[in-house]
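S.K.: everything below, folded, please.
(one chain, ligands or ions: 1)
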Amino acid sequence: MPQRTIAITAIFIAAVVIASALASESTLAVAPQQTTGKTVLDAVYTQDQAMRGGALFAANCARCHEGFCPDGPPLVGPLFIERWREDSLAALLTFMTGLPRVLGGVLNENEYVDVIAYLLQSNEFPSGAQQLTADSIGSVQLVSKGGPKPLPSNALVEVVGCFAHDGEDTLTLSQATTPIRIHRGIESTPEELKAAEGRAAGTLNFRLQNVQEIRPDFKPESVTGHKVLAKGVLGRQGSGSRIFVTSFEPLAAACTP
Ligand code: HEC
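M.R.: Model (predicted):
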């Protein structure tokens with residue numbers, strides 16, 4: 001294929017991926033952080049499994065992810081880890097099972113679990129005696145080699161906190177929970193709202209940006225002192241953390257759980 005055709009194909013493929021991700025958002029919703037304290041540092045896959053996954057990866061994925069004409073991002077190295085860390089491995093599995101055919105969406109769930117084992121091995125995480133399975137994957141957290149860390153700037157997150165506003169423009173969350181990584185910053189399902197409402201208060205503070213833009217008729221005083229759920233892009237600059245909000249939902253009229 002000439003370079004130009006390849007570039008156009010890549011753009012088309014990216015558009016298909018985004019469109020299909022939006023269309024199937026309910027099936028892609030992963031309950032964030034169902035952890036039992038295990039991480040990828042705890043030898044959560046076997047060598048044999050990684051070998052099986054390596055063969056599947058070579059046959060179905062490598063041509064885009066490490067071939068001579070790489071259209072896809074590398075799945076080995078710090079950039080890959082930055083985009084997926086502090087989240088359960090189930091998020092990666094959900095992403096893979098949602099891939100369209102043209103992008104490698106040809107394997108079954110157990111095969112993708114083996115591919116994930118191979119990616120863990122390629123990223124130099126230790127192997128052990130227990131296989132990774134579709135059932136256990138939700139309880140394993142992906143972390144970088146140094147262990148759990150705060151999420152990076154630009155991660156898509158959700159936070160529950162106590163809403164306040166100071167003047168017209170400064171909207172804040174106080175007593176806020178540690179941000180949880182999410183993969184779509186859209187309005188929540190009733191179940192997600194219920195789970196968020198039950199979350200205990202934290203100790204963090206955030207400034208909120210973009211709330212008025214996504215909710216033109218928003219009156220800050222109407223939810224001041226309320227417990228709210230904010231989703232959006234995390235920004236850590238200078239004095240404090242901000243969230244560029246993509247979804248804002250009041251949960252309860254008081255902040256105490
Ligand atoms: C035809 C090319 C192509 C094939 C084949 C392909 N991919 Fe991809 N993949 C892409 C592109 C392009 C992206 C970036 C767009 C996106 O993130 O949706 C991507 C993104 C990804 C990501 C997210 C990367 C990140 O850091 O966010 C994962 C994981 C992934 N692919 C896994 C796989 C697996 C597993 C297979 C094989 C079963 C596979 N891909 C086959 C093109 C491909």
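S.K.: any weak-confidence spans in the stretch 51-200 of the chain?
M.R.: 68-70, 168 (pLDDT under 70).
S.K.: 90 instead?
M.R.: For the stretch 51-200 of the chain, applying pLDDT under 90 flags the ranges 63, 66-74, 102-104, 166-169, 183-184, 187.
S.K.: where do the strands sit along it?
M.R.: 87-88, 140-142, 156-166, 170-176, 180-181 (DSSP state E, counting those that start in this stretch).
S.K.: out of the ones you listed, which is closest to A58?
M.R.: Among the strands of the stretch 51-200 of the chain, the nearest to A58 by C-beta to C-beta is strand 140-142 (22.4 Å). Every C-beta, even on glycine, is put in place using the N, C-alpha and C of the backbone.
S.K.: all helices of the protein, in order?
M.R.: In the chain, the helices defined using DSSP state H lie at 3-23, 25-28, 47-60, 62-65, 78-84, 90-97, 109-122, 190-197, 211-214, 220-223.
S.K.: who does the last one touch, helix- and strand-wise?
M.R.: Put plainly, it is helix 220-223. Applying 3 or more C-beta pairs under 8 Å, 6 or more residues apart in numbering; DSSP states H and E, we find helix 220-223 packed against strand 156-166.
S.K.: what is the orientation angle of the strand it packs on with strand 170-176?
M.R.: Angle between the axes of strand 156-166 and strand 170-176 is 110 degrees (criterion: axes from the mean of the first three to the mean of the last three C-alpha atoms, to 10 degrees).
S.K.: strand 156-166 and the ligand in contact?
M.R.: No: Strand 156-166 stays clear of the ligand (C-beta under 6 Å from any ligand atom), getting no nearer than 11.7 Å.
S.K.: which elements pack onto that strand?
M.R.: strand 170-176, strand 180-181, helix 190-197, strand 204-209, helix 220-223, strand 227-237, strand 240-252.
S.K.: in TSV, list these along with distance to Q131 and mean neighbour count.
M.R.: Shown next, in TSV, are these (distance: least, C-beta to C-beta, whole Å; neighbours: other C-beta atoms under 10 Å):
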stretch	distance to Q131	mean neighbour count
strand 170-176	38	19
strand 180-181	25	20
helix 190-197	30	14
strand 204-209	37	19
helix 220-223	48	14
strand 227-237	34	20
strand 240-252	37	19
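S.K.: same list, these, but as TSV with distance to V160 please.
M.R.: Shown next, in TSV, are the helices and strands packed on strand 156-166 (distance: least, C-beta to C-beta, whole Å):
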stretch	distance to V160
strand 170-176	7
strand 180-181	9
helix 190-197	5
strand 204-209	10
helix 220-223	13
strand 227-237	5
strand 240-252	7
